[in-house]
Every structure is written in structure tokens, then in C-alpha cells.
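*Asks:* 3D, please:
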Amino acid sequence: QVQLVESGGGLVQAGGSLRLSCVGSGRPFSDYAVAVAWFHQAPGKDREFVAAIDWAGGGGNYADSVKGRFTISRDNTKNTVYLEMNSLKPEDTAVYYCAADPVARRPTVAGSWGYWGQGTQVTVSS
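*Replies:* Okay, the predicted model is just below:
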């Protein structure tokens, strides 16, 4: 079955950077990861959209809170999706999840995504 595994989370000071990775396996990447995205979830809050891109790496879609600071990208030859996070703020602290779907008709909505990773914790200290 499809498996998405995130890595790269950790503890960083405000203003710092992290690069998250998400590797897919189990089936050909093109079967389930035409669209890919990152969401995050802080304690006591709903899972929120961060960024999404299409198969070709275009159509970048970002939450207003991360525009200009985060960049989503992918390497289909490695079945991998990345999230480059710069100028991190304490409010970016959350568990970050990778998501994939063949369609994702409403990419900012968590329910539109069929495949999820287990998440990686990002903590930004002030």
C-alpha cells in the first residue's frame, strides 16, 4: 500500500530554517501523487493547509501565512516532496504532514487528500 514518510523536523530558533522531506513508496508515484501538499496541525487546532503543487511542480499554492517564507517542490525521480521553510516564527510550531492525491479537487481542504504521512514535529523557539 501507499506509504508517505516525512522527515526533517526539529527544534529551531525563530528566524531559522528547516527543510522537510516526504518520500512515497508502495506504488508508482504517478498513481497517487499527481498533486502533493503540506499541512500542519498545532495542538488543539484543526489541520491547516500550508502549500501544494501539481505533478510538474507548477501551480504553487500557499497559505497567506507562509507566502514568501516557504517553498514547496518535488523530485518525481526520487518520489519525494520538499518543504523549504525560512524565516521561521514561533507560530509555525506544529506537526507537519505530507499529503498526496491523484486529483485533490480542493487542495486547501484536508478532506480532498487521500494519502497522508505520519507527520514530523517542527518547533520554533522565540
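
*Asks:* W38 touches Y97, doesn't it?
*Replies:* Yes - counting by Cβ atoms under 8 Å, W38 touches Y97, with 7.0 Å between them. (Glycine included, C-beta is placed from N, CA and C.)

*Asks:* the more surrounded of those two?
*Replies:* Between W38 and Y97, W38 has the larger neighbour count (other Cβ atoms under 10 Å), namely 26 against 23.

*Asks:* That one is in what secondary structure piece?
*Replies:* Here W38 is covered by strand 35-41, with elements defined by DSSP states H and E.

*Asks:* Tell me which residues of that strand come out buried.
*Replies:* Of all the residues in strand 35-41, those buried under the rule 16 or more other Cβ atoms under 10 Å are A35, V36, A37, W38, F39, H40.

*Asks:* now it: mean pLDDT?
*Replies:* The average pLDDT within strand 35-41 is 98.

*Asks:* mind saving the C-alpha coords of that strand as PDB?
*Replies:* This file holds the C-alpha atoms of strand 35-41, laid out as PDB (Å, rounded to 0.1, in the frame of the first residue of the first chain):
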ATOM      1  CA  ALA A  35      -0.900  16.600  -6.600                       C
ATOM      2  CA  VAL A  36       1.100  16.900  -3.300                       C
ATOM      3  CA  ALA A  37       0.800  19.200  -0.400                       C
ATOM      4  CA  TRP A  38       1.900  20.000   3.100                       C
ATOM      5  CA  PHE A  39      -0.500  20.700   6.000                       C
ATOM      6  CA  HIS A  40       0.300  21.500   9.600                       C
ATOM      7  CA  GLN A  41      -1.600  20.900  12.900                       C
END
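
*Asks:* and that strand, which strands flank it?
*Replies:* Applying DSSP bridges, strand 35-41 is found paired with strand 48-53 (antiparallel), strand 94-101 (antiparallel).

*Asks:* Distance to L88 and mean pLDDT for the ones you listed - can I get that in a markdown table?
*Replies:* Below are the strands paired with strand 35-41 laid out as a markdown table (distance: least, Cβ to Cβ, whole Å; pLDDT from 0 to 100):
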| stretch | distance to L88 | mean pLDDT |
| --- | --- | --- |
| strand 48-53 | 13 | 98 |
| strand 94-101 | 11 | 98 |
